[in-house]
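Visitor: okay, predicted coordinates and the sequence, questions at the end:
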Amino acid sequence: MLIIYLLLSAGIIALDQWFKWWIVNQYSFGESQTIIPNVLSLTHIRNTGGAFSLFEGQQVFFILITVVAIVAVMYYLVKHLNGSKWLTLGLSFFLAGAIGNFIDRFRLGYVVDMFRLDFINFPIFNIADMSLVVGVIMIFIYILLDERDKKNG
């Protein structure tokens, strides 16, 4: 069963890397194109920081923390093969996002971002970022529901 979750992660990583490759080859750095007026644009940028550009230029830190996170998630997935499907799915999304951005940081020294929400002031992001957020939300929901079940059980 673990192979299904790892294949999901691999598929997300492949989609993320393909889309980043496409953006780099189709758009000049800083170039933007509206996809849905006042909602979504594609903008080719390079992010040397983390979420919201925090810790810009700290590539070694991001590479090390990502390696630790990947090892921890893989260890957990292997150790708890029959654990919660919800948690395992969340960890698979998290793993895909972490690896997708890790590849950029290791290979390029920055992360390629491209999705810009035009209706709010929000950082530009990529597929790996979306995968990380979905994974964290799923893990958070699992923790909340698990705690609720422990209190009610």
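Guide: Ah, there it is.
Visitor: which SSE is the residue nearest the centre of the chain in?
Guide: When CA atoms, centre = their mean is applied to the chain, the residue found nearest the centroid is Gly97 (2.6 Å). Assessed by DSSP states H and E, Gly97 sits inside helix 85-108.
Visitor: swap in Ile4?
Guide: Secondary-structure element containing Ile4, defined by DSSP H and E: helix 2-26.
Visitor: for the nearest residue to Leu108 once chain neighbours are set aside, grab phi and psi.
Guide: Nearest residue to Leu108 in three dimensions, chain neighbours excluded: Arg46, at 7.7 Å (CB to CB, 6 or more residues apart in numbering). For every residue, glycine as well, the C-beta is placed using N, CA and C. When read as degrees, to the nearest 10, the backbone of Arg46 gives phi -120, psi 130.
Visitor: cool, and Ser41?
Guide: Main-chain dihedrals, Ser41, degrees, to the nearest 10: phi -130, psi 160.
Visitor: OK, contacts around it?
Guide: The contact partners of Ser41, by CB atoms under 8 Å, 6 or more residues apart in numbering, come to Ser32, Gln33, Thr34, Ile35, Arg116, Asp118.
Visitor: 10 Å - rerun?
Guide: Contacts for Ser41 (CB atoms under 10 Å, 6 or more residues apart in numbering) come out as Ser32, Gln33, Thr34, Ile35, Met114, Phe115, Arg116, Leu117, Asp118, Ile124.
Visitor: ok, Thr66 next?
Guide: The contact partners of Thr66, by CB under 10 Å, 6+ apart, come to Gly97, Ala98, Ile99, Asn101, Phe102, Ile103, Arg105, Phe106.
Visitor: in a strand, Ile45, correct?
Guide: Yes: according to DSSP: H, G, I helix; E, B strand; the rest coil, the state of Ile45 is that of a strand.
Visitor: from memory it sits against Lys20, does it?
Guide: No: taking CB atoms under 10 Å as the definition, Ile45 is not a contact partner of Lys20, at 11.3 Å.
Visitor: list the buried ones in stretch 26-45?
Guide: By 16 or more other CB atoms under 10 Å, the buried positions in stretch 26-45 come out as Tyr27, Ser32, Ser41, Leu42, Thr43, His44, Ile45.
Visitor: should've said stretch 136-148
Guide: Met138, Ile139, Tyr142.
Visitor: what's the neighbour count on Asp118?
Guide: Close neighbours of Asp118, defined as other CB atoms under 10 Å, add up to 16.
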